[in-house]
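J.: Generate coordinates for the sequence data below:
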Amino acid sequence: MQGLEKIALLIDGANLYSATKALGFDIDYKRLLKEFQSRGYLLRAFYYTTLIEDQEYSSIRPLLDWLDYNGYAVVTKLAREFTDSQGRRRVRGNMDIEIAVDAMELAEHVDHIVLFSGDGDFRSLVEALQRRGVRVSVVSTISTQPPLISDDLRRQADVFIDLAELRALIGRDPAERTGRMQEPPRFLAPRGAAASSDEG
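T.: Numbers count the residues shown, from 1 in each chain. Below is the predicted model of the structure:
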């Protein structure tokens, strides 16, 4: 482990979700972890997201539970709902402060921080980490119209990684998504078993 670069991942969940949705693919978080474990010694992988109050069941809950049990540190906080001047219900909540605090605390323990966000507010954080000798890669995309990464942030990063280029490495196999709705090919179905045995 001596020569391995120590890496931490900081994933801005909402930002990453918007980017992958715009690019038209889903992330396989197990593959994402493996990909970065292959690039060095992965010390921590943080996933940040806000949750809406009063929602008995959030559609993101199964993902958060899975992440929690599979190598990610999940950081959540409640978003605040409010009514805007036109009387529309809005939700306010981002995780910028939590990401910044964790990044600064990690700075003395890692060589490289990979930030999954295109939010320009992080430019000064990236600069502060670099002053502490930490390399910072930023993962977002310029493959959408308009690009989802702020130009300032992209310029500040040591390395910019376009999500579109990571797709083959960390994307979920589209067959997995629709697989539950289709029967497996005959030769894959266990002998005598009903083809529609749905797991989980």
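J.: Please enumerate the strands of the chain.
T.: Under the criterion DSSP state E, the chain contains strands at 6-12, 41-52, 73-83, 89-92, 112-116, 135-140, 159-162.
J.: May I see those arranged in TSV, with mean pLDDT as well?
T.: Supplementary listing: the strands of the chain in TSV, determined by pLDDT from 0 to 100:
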stretch	mean pLDDT
strand 6-12	98
strand 41-52	94
strand 73-83	87
strand 89-92	75
strand 112-116	98
strand 135-140	98
strand 159-162	97
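J.: how about those, which one is nearest G24?
T.: Counting by Cβ to Cβ, G24 lies closest to strand 159-162 out of the strands of the chain; the figure is 14.2 Å. Bear in mind the C-beta positions are built from the backbone N, C-alpha and C, glycine included.
J.: contacting residues around the closest one?
T.: With Cβ atoms under 8 Å, 6 or more residues apart in numbering as the test, strand 159-162 has contacts from V114, R135, V136, S137, V138, V139, S140, T141, I142, S143, I149, R154.
J.: Could you do stretch 87-95 as well?
T.: Residues contacting stretch 87-95 (Cβ under 8 Å, 6+ apart): 12-14, 48-50, 52, 75, 77-84.
J.: one more time with 7 Å, if that's ok
T.: 12, 48-50, 52, 75, 77, 79-84 (Cβ atoms under 7 Å, 6 or more residues apart in numbering).
J.: What of stretch 39-58?
T.: Contacts for stretch 39-58 (Cβ under 7 Å, 6+ apart): 1, 4-14, 33, 36, 60, 67, 71-79, 81, 91, 93-95, 98-99, 102, 106, 109-110, 112.
J.: Please identify the buried residues of that stretch?
T.: G40, L42, R44, A45, F46, Y47, Y48, T49, T50 (16 or more other Cβ atoms under 10 Å).
J.: Contacts only, for V74.
T.: Y47, L64, L67, D68.
J.: wait, what's in contact with the third one?
T.: For L67, the contacting residues are Y29, Y47, V74, taking Cβ under 7 Å, 6+ apart as the criterion.
J.: about what we covered before: Q130: which of the buried residues of stretch 39-58 is nearest?
T.: Proximity of the buried residues of stretch 39-58 to Q130 (Cβ to Cβ) peaks at G40, which lies at 17.7 Å.
J.: And the closest one, how far from I161?
T.: 14 Å (Cβ to Cβ, to the nearest Å).
J.: do R135 as well
T.: Counting by Cβ to Cβ, the gap from R135 to I161 is 12 Å.
J.: Please apply the same query to I142.
T.: 11 Å.
J.: which intervals of this protein have sub-threshold pLDDT?
T.: Applying pLDDT under 70 to the chain flags the ranges 1-2, 53-57, 174-200.
J.: quick one: buried residues of stretch 129-143?
T.: Those would be L129, Q130, V134, R135, V136, S137, V138, V139, S140, T141, I142, for stretch 129-143 by 16+ other Cβ under 10 Å.
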